[in-house]
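[1] here is the input, now give the coordinates:
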Amino acid sequence: MENTPDISAVRAEAAAEAAKAERARISGITALTEKHGMADLGRQLIEGGRSLDEARAAVLEKIGAKPVETVAPVEMAAQERASYSLTAGIRAMLTGDWSSREAGLVRELSREVEKSGIAKTTERSFFVPFAALNQRATYVTSGATTGGNLVATDLLADDFIEFLRNNALMLQLGVRTMPGLVGNVAIPRRSGVASTYYLSTQTTAITQSESTFDQVTMAPKNLAALSKYSRQTLLQGTPGIEDLVRRDLTDGINLAIDLGILNGSGSSGQPTGIMQTSGIGSVAMGTNGGAITVEKVVDLESAVMQANGVVNASNVAYLTNYKVSAALKKLRAGGSTTGDGPFLVNDQLNAIGRGPTPANLNGYPLALTNQVPSTLTKGSSSGVCSALVMGDFSQAMVGFWGNGLEITVGEESDDFAKALTSVRGIVTYDVAVRDPKSFAAILDITT
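    Residues are numbered from 1 along each chain as shown. Sure, this is the predicted structure:
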């Protein structure tokens, strides 16, 4: 006689398992929603019979719908931008006389920035709105290289020769900007998805799996630049100590921000840049590095594409320095440098010559700047390796706290004796990568 299962026992066991699962569902949803201050949503999800995985998705959507707290930018009319004088603010800070029209505008706009919720760090400072910054070494008129060459002696101001700097390209490549931040930023991210299964029979048990979530965070990092100049330079300078102070402060800061986005170390107060972000794709040339090849260029593309790293195809590009660019220009599409097919880059030559610097590589834009390091080390190749980065640059973000650059005017004891004035500019920002899989890099190209 066959053993007949005790139906009542089976039903009791199933009911107990169902009750246990229900308690776990309610407990999990309650803990999740209360953690994020969404108790009402939790009750709705529990009463609606939603699973814990569905609850996580609902909380993620709710958090994602909440805008990052920001303050409105300080707007400036074209006439205000044209008449804004940074040196007028510095002079007023030194003398205490804000009665001139130029100084009055500086103070008024500084107060507008403060109204956005940002406090000055010292009474000897004022804020310069970012909108006003779109228009060096100690500058003293007695020394030619530190200010004397600015004093008018029939000087051709329009032909002023600026210091040669690296190119700042990251924002041009599509890196997202988030100005006017107030508090720390946490952006929810789905880091894993639930698995799907085919059922071999009608009674096959479904293996439970759930999405996982984490956060991309940003916190304030302070970046500063310092210049010194003499009182006489301030009064005599042409083609404009005004322009020079702006250029030294803003160009230097802009380049530092650009480098922070690309390759910030994540330590010593620096943000974590794209190249230093854990989890980006990696392609290696060899144990001791190696010369760039067509195959490795394609491998770098594959590292991003195979990870589904592209979100905005229009922002996908290669980025490298001019040393690697020179090597790329010599490569043929067939893989050699001696005539095997057309040149890999810039093969659409102008009729009258070689044409412009290459702007396309393997079907994608190629951006060039010496901000990309060329002194990396791989194995026995010490300090001679360069990088090539590829990715969807819209998946990198740079956030700015507040709406302006804080300018502090001061005189150290030694500066006072020499009639020098120190001008310090500080901007607060941070960098984050939405998903590391959107980028890949080669770090050992011997150049």
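[2] neighbours of the nearest residue to I261 once chain neighbours are set aside, just the number please.
    Nearest non-adjacent residue to I261, counting by CB to CB, 6 or more residues apart in numbering: M170, 4.3 Å away. Yep, even glycine has a C-beta here, placed from its N, CA and C like the rest. Neighbour count for M170, taken as other CB atoms under 10 Å: 25.
[3] now do the contacts for M170.
    M170 makes contact with 258, 261-262, 393, 396, 398 under the criterion CB atoms under 8 Å, 6 or more residues apart in numbering.
[4] same check on A307?
    Counted by CB under 8 Å, 6+ apart, A307 has contacts 281, 437.
[5] before we move on, the earlier item: out of the contacts of M170, the closest to L45 would be?
    Closest to L45 out of those is A396 (34.1 Å), distances taken as CB to CB.
[6] count the neighbours of the nearest residue to the closest one once chain neighbours are set aside for me.
    Excluding the flanking residues, the one nearest A396 by CB to CB, 6+ apart is V175, at 4.6 Å. For V175, the count of nearby residues is 21 (other CB under 10 Å).
[7] try A15
    Counted with other CB under 10 Å, A15 comes out at 10.
[8] distance check, it against E22.
    Distance, A15 to E22, using CB to CB, to the nearest Å: 10 Å.
[9] try I426
    Distance from I426 to E22, by CB to CB: 55 Å.
[10] same thing with K329?
    67 Å.
[11] more crowded one of these two?
    Each of K329 and E22 has its neighbours counted (other CB under 10 Å); K329 has more, 15 against 12.
[12] doesn't the more buried one fall inside a strand?
    No - the assignment for K329, made by DSSP: H, G, I helix; E, B strand; the rest coil, is helix rather than a strand.
[13] tell me the confidence at it?
    What the model reports for K329 is a pLDDT of 83.
[14] how close does it get to K228?
    From K329 to K228 the distance is 42 Å (CB to CB).
[15] still on that earlier bit, gap between the residue nearest to I261 and S374?
    17 Å.
[16] other SSEs contacting the longest helix along the chain?
    The residue-count maximum for a helix in the chain (DSSP state H) belongs to helix 7-35. Judged by 3 or more CB pairs under 8 Å, 6 or more residues apart in numbering; DSSP states H and E, the packing partners of helix 7-35 are helix 39-47, helix 52-65.
[17] for it, the averaged confidence score.
    78.
[18] just want the angle from that helix to helix 39-47.
    160 degrees (axes from the mean of the first three to the mean of the last three CA atoms, to 10 degrees).
[19] how far does helix 7-35 sit from its chain's centre?
    45 Å (CA atoms, centre = their mean, to the nearest Å).
[20] buried stuff in that helix?
    Neighbour-count burial for helix 7-35, with 16 or more other CB atoms under 10 Å as criterion, is recorded at 25, 28-30, 32-33.
[21] nearest to N254, of these?
    N254 has its nearest neighbour among the buried residues of helix 7-35 in L32, at 42.2 Å by CB to CB.
[22] wait, that closest one sits on L52?
    Yes - counting by CB atoms under 8 Å, L32 touches L52, with 7.3 Å between them.
[23] ok, back up a step: if I look at the residue nearest to I261, how far off is P129?
    M170 is 22 Å from P129, by CB to CB.
[24] please, where are all the helices along the stretch 151-300 of the chain?
    Using DSSP state H, counting those that start in this stretch, the helices of the stretch 151-300 of the chain run over 231-236, 241-246, 252-263, 294-305.
[25] how would you label V372: helix, strand or coil?
    Looking at V372 with three-state DSSP, the answer is coil.
[26] and the residue nearest to it when sequence neighbours are not counted, what does it touch?
    With CB to CB, 6+ apart as the criterion, V372 has its nearest non-adjacent residue at 4.1 Å, and that residue is N321. Listed by CB under 8 Å, 6+ apart, the contact set of N321 reads 368-374, 386-387, 447.
[27] how near is N321 to T201?
    Distance from N321 to T201, by CB to CB: 60 Å.
[28] what about the stretch 301-447 of the chain, any weak spots by pLDDT?
    333-358, 411-418 (pLDDT under 70).
[29] swap in 90 and give it another go.
    By pLDDT under 90, the low-scoring segments of the stretch 301-447 of the chain are 328-363, 365, 399-405, 407-426.
[30] okay, now the domains of this protein?
    9-66+185-218, 70-184+219-447 (automatic domain parsing).
[31] what residues does S99 make contact with?
    Contacts of S99 by CB under 8 Å, 6+ apart: none found.
[32] which SS state does it fall under?
    coil.
[33] per-residue pLDDT of it, please?
    According to the prediction, S99 has pLDDT 93.
[34] now flag whichever of the contacts of M170 is closest to G290.
    L262 (22.6 Å).
[35] for the strand ranked longest in the chain, packing partners?
    Counting by DSSP state E, the longest strand found in the chain is strand 420-433. Of the remaining helices and strands, those touching strand 420-433 by 3+ CB pairs under 8 Å, 6+ apart are helix 86-95, strand 185-192, strand 212-218, strand 221-230, helix 252-263, strand 396-401, strand 404-410.
[36] quick one: strands adjacent to the shortest one?
    Partner strands and pairing direction for strand 396-401 (DSSP bridges) are strand 176-181 (parallel), strand 420-433 (antiparallel).
[37] list the buried residues of the longest one.
    Spelled out, that is strand 420-433. Going by 16+ other CB under 10 Å, strand 420-433 has these buried residues: 420-421, 423-433.
[38] nearest to V297, of those residues?
    For these, with V297 as the reference and CB to CB as the criterion, the closest is V433, at 22.1 Å.
[39] give me the below-cutoff pLDDT ranges for the stretch 51-200 of the chain.
    In the stretch 51-200 of the chain, residues with pLDDT under 90: 51-96, 102, 112-124, 128-169, 171-172, 177-200.
[40] 50 - rerun?
    136-163 (pLDDT under 50).
[41] give the closest residue to A24 in space, chain neighbours not counted.
    Once chain neighbours are set aside, the closest to A24 by CB to CB, 6+ apart is L52, at 7.9 Å.
[42] residues near that neighbour, how many?
    L52: 19 neighbours (other CB under 10 Å).
[43] quick one, what contacts it?
    The neighbours of L52, taking CB under 8 Å, 6+ apart as the test, are 24-25, 28-29, 32, 210.
[44] can you check L86 too?
    Residues near L86 by CB under 8 Å, 6+ apart: 106, 128, 132, 242, 245-246, 407.
[45] any chance of these in JSON lines, with neighbour count and distance to K378 too?
    Formatted as JSON lines, the contacts of L86 follow (neighbours: other CB atoms under 10 Å; distance: CB to CB, whole Å):
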{"residue": "V106", "neighbour count": "27", "distance to K378": "50"}
{"residue": "V128", "neighbour count": "25", "distance to K378": "43"}
{"residue": "A132", "neighbour count": "23", "distance to K378": "45"}
{"residue": "E242", "neighbour count": "19", "distance to K378": "46"}
{"residue": "V245", "neighbour count": "23", "distance to K378": "41"}
{"residue": "R246", "neighbour count": "22", "distance to K378": "40"}
{"residue": "I407", "neighbour count": "23", "distance to K378": "42"}
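[46] sweet, I'm off.
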